[in-house]
Structure formats: structure tokens, C-alpha cells
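1. curious how this folds, go ahead:
(2 chains)
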Amino acid sequence: MSAPAMTTGASRQVVLGRHEELKIRQRMVIEVEGVGIGVYFIGEEVRAYLNICPHMGGPVCQGKIMPRTLEQVADSGKSLGLGFSKDQMHIVCPWHGFEFDMLTGRHPIDKSVGLTPIPVEVSNGEVVLTVGETRP
Amino acid sequence: MNENSIPNFREIGEITGSTDSRDVLAHATRQAAKNFDDYLIVDVDAHVSEDHFWSEIIDLIDNDVLRQIGQHQVKGFGGSNALLNISPGLSLQSVGGRIGHQGRREPVQDDGVHRFISTARRSMDAMGLDYQVVFPSAMLLLGMHPQDEIEVALAKAFNRWMIERILPIDTRMKGLLYLPFNTPEACEELVAQYGATEGIIGFTVCSTRNKPVHHDCYMRLYSMIQELGKPLAFHSGYHWGDPSFAQLNRFLSMHALSFTHYNQIHVTNWIINAMPERFPKLNMLWVESGLAWIPFLMQRLDHEVMMRPSEAPGLKRLPSDYMREMYYTSQPLERGNMKLLEATMEAMNAETQLLYSSDWPHWDWDSPATIGSIPFLSEQAKRNILGLNAARLFNLDTTRRKPLAEDVLANRPKTAS
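-> Below you'll find the model as predicted:
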């Protein structure tokens, strides 16, 4: 896994807007001083990740958002077929299809592979990102 | 908010199948700008999504009856698959649309330049490529077409389309002549007709077929190609209809095995029948099977040949020795275990025998950074694999042909990133 790592220096904050208004969007992808960041709204939770895939550096946050695919298995061991998860959503990199859990940022099979998290919080009703002096 | 706040940000959009290639590949352009903008980069395997232009190829079929059938199919159910033997229901490459550039259709202004050239130039510039060799896509399965005469007709039409309409427009694009390998006489005619054509830098056989490459019917063809001094490439592919692969219930399972399967079959026949001894000056190139199969096959064949030399009497060296003198393209490069990759590259003499390939715009494509970021390769090895080995094999001018990566970044449309 060879995508360029984010470098951090003095941190600064970016106010994205009111959480009540943004959370219905599920995702917004922004660029701050040349650094791409995906911000995800899952219920009342907010997550943010660097828009660089740990696989080959693709624009991971600009792809599709898909529910996790599950194989449903009966107690007998027989497959009941494929189905979509009702509560787990995946961030899908448009370059090669790498998938990452929206809440944890981790790959569903190899948990050692994951997105680079960016600090984000809801403060006084506003969504606030904390970014370093980042360069991709 | 503290005093260090940065209030300014801009939103960027989703990347879809209609996003401009320069925006889809903007991160690859940044990688090029940062790490290898001054490298010669030759992409030995990119793809013509000829389904977008299929009617142009159908119109060039020289047989009146087949052309009429093809033109009728283009307007009806066959559409962009007219006369082909692909199975639309088994075209699962995009993973349910997750990977939008597979089968992409991006807007192109009508500026008089062929649409294919316009989109290909975008991808070349965005990845920092000096040259790109184009292979047909849907035609990769033609070796399994039950009608040999259709493979011949489409081969002739595709080669004409490439030679007359595409290659003359941009000398950064190069082609390998498609050989309808199920009909050796037709291959010979095409080599005689087009073999010396400028822009045709070699010949290609699509590996997905059940024809033994050592059969005597091909000896004249190999002699002709050897005489021309241009390489012969075998481009692998998949085929879910093979009885063995029909056991595999997922596209990824079949895809992982079948691409390596067909090239393993052909390399095995090529070596055990001592073809490298019969045609010692014929350069062989094996395309789109990754690298992991190479040390596997080297070890298996060496092991068996040592015990059963009477079944490979034409050999003067071990199979792995011959394999180390062949050429291979890199994509899809298995990078999950760097120790294994390093051992593989050492076993196959990658520094001189490996050629970078992107496979763009297919779903499992590799950017130049796939090679450029390998930690154990020297800078010279990276330069060789990314371009200099191909320049040597295909006799390409090594003068810079691409724009500066920074200029590509500055001029991209920024519709999505």
C-alpha cells in the first residue's frame, strides 16, 4: 500500500456549515488548499477522510457509496444468497473498487488497510474539520 | 472557531462513467508531476473501447454478406456487439457500476479529431505517457468464436480501422496487428500486407483460444514475423465458458484464474516444443497476466523437464532460462507481498524483461506509480520497466513526447476534482 501519506503541521479549523443542513447529504467532498477531504454523515455521526486511497492513491471519496454486500448463511451452512446490509455503508474508490466502512474507514476484509482519518466534530451545531498544513 | 481558521474551501463532485479522463486521473497526474515527469513512459497495453466505434469497423468488413449481417445487427439487438461472441450478461467488470471508467463514455467536443484519439490523448497526458499501444477489447474473446470466418473478417476490418483512421493521427499511439490465429493463412496474409506499416510495432494473438501454438501450421507465420524483427504478443483474457472455469461462481474467481491460465498453456507449449530454439530471434511478449504465474511456471516446468528430458528433446537449457529471455507486461501487478514480488522480479529479470502496461480504461488498470512506488527497485530499474525496455523492444524514439504534468493539471476541466 503506497499512497502518499498526509503530512501535518500546525492545525487549523474549517467550518463546513450547520450540521442539521449537511447531514441529509450523506457526503460532501471538499478541497482545502489543494487537499481533498471526504466528509460523511451517518445518522448523528460525522466522519472525515483524506481523499487518497491507500491502495494506489485514487480519489477514494469521489466514488460511489454502496451498502456492504453480505452473504446470508443459514444455520445449516447453506447460502441464502447475497444481500445488502441495512446499516453498514461503504465508501467505494472509483479507481479500482476498494471498499471502506463509512464509520470506521477500514477495508471490510483486511482491517489493516484503511482510510486516513481527518479530525471532525460538531461544535455548537456546526461541522468543524481540523486540518494540518496538508499536502497530498 | 480559533484565529487560525481557514474559511475557504470548495466542493468537488463525484466521479462517474462520464467524467473527463483528465479529472478521473488527476491523482495519477499529480503522482507523475511529483515522481517521474522526466521518465520515458510507454504503456504497452491500453484498450480501444471499440464498442463506441463498432459500426465504423463493421463498415470496413470486406465480405459483402458478413458486412450486411453486421450492419443489420448494429441497428438492432446486436448493437455495439454485432458479430461478436461476448456474453453481455457476463460482463461484470465494473462491479455493479462501482468502477465507472470500465465502459466509460465521456463528453468530447466535435473538433474534427476522431473521438477515440481525443479520449486516448486525455488518458495519455493524464498518466504521463509518451506512447500508448492499443489493443482491441471485445475482440479479445474472438479466438473462441465458433465461426472462424468472422474472426478473419473482423481482424481485417479492425486492422484497417486502426491503420487507416487511428494511427496516422497521432504518432504517440502505436498498434499491434491483430492476427486471426484460428486461420493461419489469413494471419500470413495480414503480416505480408501490413507487417512493415509505420505505427504497427508488432503482432498480437489473443490468447483465449484452444489452438496449440506449436502446431506446424504456424511455422511459416513465425518465420515471417521473425524476419520482420517485430515482437509477437499473446494477450490473455478470460472465458467463463471453459468447463473448468464453469465451476467458479464469482467473476473474480474466474478472472483471477483464467487470465493466467491461457498464457500458461501457451508458454508451456512454446517452451516444451522448443520454439525458442526454432525461432531464436523471435521476441515473445506475454500480456495481461500479472507476474505471480511466472515463477510458478518456471519452477513447475524446470522440475518436470529434469525428470522427463525425453519429452522435451529440443531444449538445450531449462525452461526458466528461456522464460527469462521473454518479455512480459506488468498489469495487473500483484503488490500485496513485496517480498514475493521482489523474488518474482529477480527470477524473471524484470529489470530488462518487464514492460509497464496500464490496461486503461479497464477496471483493474495500473497507473505508472504501480511501478514507480515499488520500494526495492532502483531508479534505473524503474526507468527501464516504465519505458526504456519497451523502447528497446519496439525500437521507439526516446525523445519526450508528452506535455508537462503541471500543464496537464492546470488545463484539466476540473468538472469533478
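2. mind checking pLDDT for the nearest residue to residue A:38 once chain neighbours are set aside?
-> Excluding its sequence neighbours, the residue lying closest to residue A:38 (Cβ to Cβ, 6 or more residues apart in numbering or on different chains) is residue A:61, at 2.6 Å. Bear in mind the C-beta positions are built from the backbone N, C-alpha and C, glycine included. Note for residue A:61: predicted pLDDT of 98.
3. repeat that for residue B:417.
-> With respect to pLDDT, residue B:417 scores 62.
4. residues near residue 61, how many?
-> Because you didn't say which chain, this covers chain A. Other residues near residue A:61 number 31, with proximity taken as other Cβ atoms under 10 Å in any protein chain shown.
5. please go with chain B instead
-> Neighbour number of residue B:61 under other Cβ under 10 Å is 23.
6. hang on, isn't it packed against residue B:153?
-> Yes - here residue B:61 reaches residue B:153: they are 5.0 Å apart, a contact under Cβ atoms under 8 Å.
7. quickly list what's touching both of those two.
-> Shared contacts of residue B:61 and residue B:153 (Cβ atoms under 8 Å, 6 or more residues apart in numbering or on different chains): residue B:67.
8. CA atoms of stretch A:113-127 as PDB?
-> C-alpha atoms of stretch A:113-127 as PDB (Å, rounded to 0.1, in the frame of the first residue of the first chain):
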ATOM      1  CA  VAL A 113      -6.000  -1.300   5.300                       C
ATOM      2  CA  GLY A 114      -7.900   1.900   5.900                       C
ATOM      3  CA  LEU A 115      -8.500   5.500   5.000                       C
ATOM      4  CA  THR A 116      -6.600   8.300   6.700                       C
ATOM      5  CA  PRO A 117      -9.000   9.900   9.200                       C
ATOM      6  CA  ILE A 118      -9.300  13.700   9.500                       C
ATOM      7  CA  PRO A 119     -10.500  15.100  12.800                       C
ATOM      8  CA  VAL A 120     -14.100  16.400  12.500                       C
ATOM      9  CA  GLU A 121     -16.600  17.300  15.200                       C
ATOM     10  CA  VAL A 122     -20.000  19.000  15.600                       C
ATOM     11  CA  SER A 123     -19.400  22.100  17.700                       C
ATOM     12  CA  ASN A 124     -22.200  24.500  18.500                       C
ATOM     13  CA  GLY A 125     -24.200  22.900  15.700                       C
ATOM     14  CA  GLU A 126     -21.500  23.400  13.100                       C
ATOM     15  CA  VAL A 127     -19.400  20.800  11.400                       C
END
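9. am I right that residue A:83 sits in a helix?
-> No - checked against DSSP: H, G, I helix; E, B strand; the rest coil, residue A:83 lies outside a helix; its state is strand.
10. per-residue pLDDT, it?
-> Reported pLDDT for residue A:83: 97.
11. likewise for residue B:7?
-> On pLDDT, residue B:7 comes in at 54.
12. same check on residue A:133?
-> Looking at residue A:133, its pLDDT stands at 50.
13. which other residues reach the helix or strand hosting residue A:36?
-> Assessed by DSSP states H and E, residue A:36 sits inside strand A:35-42. Strand A:35-42 has contacts (Cβ under 8 Å, 6+ apart) with A:6, A:16, A:19, A:22-31, A:46-52, A:59-62, A:89, A:91, A:102-103, A:118, A:120, A:127, A:129, A:131, A:134-136, B:12, B:417.
14. parallel or antiparallel, which strands does that strand pair with?
-> When pairing is defined by DSSP bridges, strand A:35-42 lines up against strand A:27-32 (antiparallel), strand A:45-50 (antiparallel).
15. tell me the most buried of these?
-> Here the criterion is mean neighbour count by mean count of other Cβ atoms under 10 Å in any protein chain shown, and of the strands paired with strand A:35-42 the winner is strand A:45-50, at a mean of 21.
16. now the end-to-end length of stretch B:329-346.
-> End-to-end distance of stretch B:329-346 (Cα to Cα, to the nearest Å): 15 Å.
17. list the buried residues for that stretch?
-> Within stretch B:329-346, the residues scored as buried using 16 or more other Cβ atoms under 10 Å in any protein chain shown are B:329, B:330, B:331, B:332, B:333, B:335, B:341, B:344, B:345.
18. ok, and of these, which contact chain A?
-> With Cβ under 8 Å from any Cβ of the partner chain as the criterion, these include residue B:335 near chain A.
19. between the buried residues of stretch B:329-346, which is nearest chain A?
-> Of all the buried residues of stretch B:329-346, residue B:335 has the smallest distance to chain A: 7.7 Å, by Cβ to the nearest Cβ.
20. could you verify my assumption that residue B:118 touches residue B:110?
-> No - using Cβ under 8 Å, residue B:118 makes no contact with residue B:110, being 9.4 Å away.
21. run through the helices of chain A in chain order.
-> Under the criterion DSSP state H, helices of chain A are mapped to A:19-22.
22. so which bits of it are right by chain B?
-> So chain A meets chain B at A:2, A:4, A:10-16, A:28-33, A:36, A:52, A:56-59, A:62-64, A:66, A:92, A:94-97, A:99, A:128, A:131, A:136 (Cβ under 8 Å from any Cβ).
23. just these: which are in strands?
-> Among the residues of chain A next to chain B, the residues falling in strands (DSSP state E) are A:12-16, A:28-32, A:36, A:66, A:92, A:99, A:128, A:131.
24. what's the distance between the residue of the stretch 101-250 of chain B found nearest chain A and residue B:226?
-> Chain A sits closest to residue B:101 of the stretch 101-250 of chain B, with a gap of 7.3 Å, by Cβ to the nearest Cβ. The gap separating residue B:101 from residue B:226 is 38 Å, by Cβ to Cβ, to the nearest Å.
25. which of the two has more residues huddled nearby?
-> residue B:101 (24 against 16).
26. do I have it right that that one meets residue B:17?
-> Yes - using Cβ under 8 Å, residue B:101 is in contact with residue B:17, at 6.7 Å.
27. residue B:160 belongs to a helix?
-> Yes - if the criterion is three-state DSSP, then residue B:160 is within a helix.
28. what secondary structure does the closest residue to it other than its chain neighbours sit in?
-> Excluding the flanking residues, the one nearest residue B:160 by Cβ to Cβ, 6+ apart is residue B:60, at 5.0 Å. Secondary structure, three-state DSSP: residue B:60 is coil.
29. how about residue B:60, phi and psi?
-> Per-residue torsions, residue B:60: phi -90, psi 0 (degrees, to the nearest 10).
30. give me the number of residues near it?
-> By the criterion of other Cβ under 10 Å, residue B:60 has 18 neighbours.
31. then the one 5 residues further on?
-> When neighbours are counted by other Cβ under 10 Å, residue B:65 registers 10.
32. name the SS class of it, please.
-> Recorded secondary structure, residue B:65: helix (three-state DSSP).
33. again with the one 4 residues further on
-> Reducing the assignment to helix, strand or coil with three-state DSSP, the entry for residue B:69 is helix.
34. list the contacts of it.
-> Contacts of residue B:69 by Cβ under 8 Å, 6+ apart are residue B:83.
35. OK, contacts around residue 11?
-> Just so you know, I chose chain A. Neighbouring residues of residue A:11 by Cβ under 8 Å, 6+ apart: A:119, A:130, A:131, A:132, B:4.
36. was after chain B, sorry
-> Contacts of residue B:11 by Cβ under 8 Å, 6+ apart are A:28, A:29, A:30, A:31.
37. okay, and the beta partners of the first one?
-> Right, residue A:28. Judged by DSSP bridges, the bridge partners of residue A:28 are residue A:39.
38. surely it and residue A:16 touch.
-> Yes - in this structure, residue A:28 is within contact of residue A:16 by Cβ under 8 Å, at 7.1 Å.
39. from residue A:122, how far out is residue A:129?
-> Residue A:129 sits 11 Å away from residue A:122, going by Cβ to Cβ.
40. which one's more surrounded, these two?
-> Each of residue A:129 and residue A:122 has its neighbours counted (other Cβ under 10 Å); residue A:129 has more, 22 against 17.
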